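K.L.:
Provided below for reference: sequence and predicted model.
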Amino acid sequence: MTEPVGIVIVGGGHNGLTAAAYLARAGRSVVVLERAASVGGAAVSAAPFPGIDARLSRYSYLVSLLPARIRDDLGLRLELRRRRYASYTPLPGSDRGLLIDTADRPATEASFAAVGAAPDAAAYGRWLTDTAALAAAVWPTVLEPLPSESAVRERVDPRIWHDLVATPIGATLAARFTSDLVRGMVATDGLIGTFASLDDPSLAQNICLLYHVIGGGTGDWDVPVGGMGAVTGALEQAARRAGATILTGAEVGRITPDGEVTARIGDAERTFSAGTVLANVAPAVLERLLGREADVPEGAQVKANLLLTRLPRLRDGSVAPEAAFAGTFHVHEAASELDDAHARAAAGALPRPLPLETYCHSLTDPSILGPSLRAAGVQTLTVFGLQAPHRLGLDRETAQAAVLASLDDVLAEPIEGLLVPDADGRPSIEVRTTADLESSLGMPGGHIFHGPLSPPWRADDRPARNAAERWGVATADPRILLCGSGSVRGGAVSGLGGYAAARAVLEG
């Protein structure tokens, strides 16, 4: 016997919850099926260290692309905090580094000079002006049906379009900046979860960079108070308040093109007959559930969470650790190092040193730590390693050693000695590889975006024929829509995939 329902959402990640809240508020009957014991997908908080009262953002960790309108529409009780410091980038092999302090322009200019990149201070200002102009053109379109590429291009200065969208970003940065260190500091936004060189002709790195600079119309990446679990919690509450049914521990085993979804929930197998199925899973997973073959994407990152007795000392005595780690701390991310790491990984070797970036959530939001930890001065570090593709088959031990070695290269003391021991006496460090993301989150190849990112527009030669195509959520089966990171404007914690799917349903 099948159970009729208006809409079945497969996957209870943040996009699925966004879609559920919008559709239930519109009076539709909605069932969300989540295979894990709780919802959230990659946008969750966890207490990974036994006996330690710290709830860390386990996978995704900052918010930029979640529009204020979605937060307002759904009444999300969520606080986001802006970080004063944009970044700190140590100059390898030296006791100097580049600190970008958004509240102190003279100090930032002096920091450029200190790393031998004085001419790049003005160039960096022009870069920020250009990315802001690009954001002003693109961001207002993300809650509208997909514009055509030409429609977006008409809103952008041709010089900016050429430099940031149409030309490999490596060439643009080489033309604009004199310093290898500065070029890399800017370039890393194009390589988060994207395995590419800076001059890759596919422009995958340009698309990734675009999403990293348009959020909120400013490109700021904010700290969610309470961690990423607070984002999911607010969305779950919104969906339940609106009347959506959320079933956890529901392992979907089959979807049919006519809208039947079969899932094992506890000891029972249940089949739902839906008017529309929203797939908040990677496109490759959807194809498998439909009984079809699909290409598996390849993720390219290492994620680590560390709990420290205090922040480590820097080699650069002119910069306080509280400033360096409050923003994005770049490690071995000069442009030449990024491209060398890509070449090594493409040849099948783990990059050494491993490029990575880190930040301290607890400096901006200490609420994720229990009172005793806060009183003791304990701090968190979130680490994201680049150019570590799934093909390398990294195990946690190897990945952890690479992360610690890269950090030690730029610090004044070994970081391992600062790790808080957990209740079992083990150091408080948790490492997740692409294989871990594949097994724990169902992300094929450990790809954090469910597959290569798409530009937030449609090609001029592909006019939209229906609501699903207008919103970038169409599949080959009319009754099945994408509603996750695999949709055209998916990727990162944004809610845009869920919002677009809901709009397509309501307009269809």
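P.N.:
Alright, I've got the coordinates. Numbers count the residues shown, from 1 in each chain.

K.L.:
tell me the phi and psi of the residue nearest to Pro168 when sequence neighbours are not counted?
P.N.:
Closest residue to Pro168 apart from its sequence neighbours, by CB to CB, 6 or more residues apart in numbering: Asp199 at 4.5 Å. Using the backbone N, CA and C atoms, a C-beta is placed for each residue, glycine as well. Backbone torsions of Asp199, given as degrees, to the nearest 10, read phi -110, psi 20.

K.L.:
for Val63, same thing?
P.N.:
The phi/psi pair for Val63 (degrees, to the nearest 10) is phi -130, psi 130.

K.L.:
hang on, the earlier thing: doesn't Leu173 make contact with the residue nearest to Pro168?
P.N.:
No: here Asp199 does not reach Leu173: they are 9.8 Å apart, not a contact under CB atoms under 8 Å.

K.L.:
neighbour-wise, which of the two wins?
P.N.:
In this view Asp199 and Leu173 are compared by other CB atoms under 10 Å, and Leu173 has more residues nearby, 24 against 16.

K.L.:
check contacts around the closest residue to the more buried one other than its chain neighbours.
P.N.:
Nearest residue to Leu173, sequence neighbours excluded (CB to CB, 6+ apart): Arg183, at 4.3 Å. Listed by CB atoms under 8 Å, 6 or more residues apart in numbering, the contact set of Arg183 reads Leu173, Ala174, Phe177, Ala334, Ala335.

K.L.:
of all those, which two lie farthest apart?
P.N.:
Ala174 and Ala334 (12.5 Å; CB to CB).

K.L.:
and those two? which has more neighbours close in?
P.N.:
Ala334 (21 against 15).

K.L.:
name the helices or strands packed onto the top helix by length along the chain?
P.N.:
Longest among the helix segments of the chain by residue count, using DSSP state H, is helix 119-138. Contacts defined by 3 or more CB pairs under 8 Å, 6 or more residues apart in numbering; DSSP states H and E place helix 119-138 against helix 105-114, helix 158-160, helix 169-176, helix 180-187, helix 204-214.

K.L.:
which residues does Pro201 contact?
P.N.:
Pro168.

K.L.:
do you know how far it is from Thr167?
P.N.:
10 Å (CB to CB, to the nearest Å).

K.L.:
please apply the same query to Thr358.
P.N.:
Thr358 is 30 Å from Thr167, by CB to CB.

K.L.:
more neighbours: the two, which one.
P.N.:
Shown here are Thr358 and Thr167; by other CB under 10 Å, Thr358 has more neighbours (23 against 15).

K.L.:
quick one, phi psi at the more buried one?
P.N.:
Dihedral angles (degrees, to the nearest 10) for Thr358: phi -140, psi 160.

K.L.:
that one is in contact with Thr380, isn't it?
P.N.:
No: counting by CB under 8 Å, Thr358 stays clear of Thr380, with 9.9 Å between them.

K.L.:
and Ala137, how many residues sit next to it?
P.N.:
19.

K.L.:
how about it: what's its closest non-neighbour residue?
P.N.:
Arg155 (4.0 Å).

K.L.:
right, and Ala238 touches Asp72 too?
P.N.:
No: counting by CB under 8 Å, Ala238 sits too far from Asp72 to count as a contact (11.2 Å).

K.L.:
and these two? Which one has more around it.
P.N.:
Legend: neighbour count by other CB under 10 Å for Ala238 and Asp72, higher for Ala238 (24 against 9).

K.L.:
look up the pLDDT of the more buried one for me, please.
P.N.:
For Ala238, the model assigns a pLDDT of 98.

K.L.:
where's it, which helix or strand?
P.N.:
Counting by DSSP states H and E, the element that carries Ala238 is helix 228-242.

K.L.:
and the contacts of that helix?
P.N.:
For helix 228-242, contacts defined as CB under 8 Å, 6+ apart pick out 14, 17-18, 20-21, 24-25, 30, 32, 39-46, 55, 57-61, 63, 66, 74-79, 224, 226, 246, 493, 495.

K.L.:
need the contact list for Val138.
P.N.:
Contacts of Val138 by CB under 8 Å, 6+ apart are Val152, Arg155, Val156, Leu210, Ile214, Pro456.

K.L.:
follow-up on the earlier one: past the longest helix of the chain, which element shows up next along the chain?
P.N.:
helix 149-153.

K.L.:
what's the average pLDDT for that next one?
P.N.:
Mean per-residue pLDDT for helix 149-153: 97.

K.L.:
could you check that helix and say which residues are buried?
P.N.:
Within helix 149-153, the residues scored as buried using 16 or more other CB atoms under 10 Å are Glu149, Val152, Arg153.

K.L.:
what comes into contact with that helix?
P.N.:
Under the contact criterion CB under 8 Å, 6+ apart, helix 149-153 has outside partners Ala137, Val138, Thr141, Trp161, Val165, Pro455, Pro456, Trp457, Arg458, Ala459, Asp460.

K.L.:
same question for stretch 356-363.
P.N.:
By CB under 8 Å, 6+ apart, stretch 356-363 touches 56-57, 61-62, 83, 188, 223, 227, 302, 311, 322, 325-333, 368-369, 374, 378-386, 403, 406-407.

K.L.:
using the record's assignment, carve this protein into domains.
P.N.:
Using automatic domain parsing, the domains assigned to the chain come out as 2-45+57-79+224-295+451-507, 84-117+298-446, 126-216.

K.L.:
having no further points to raise, I will conclude here.
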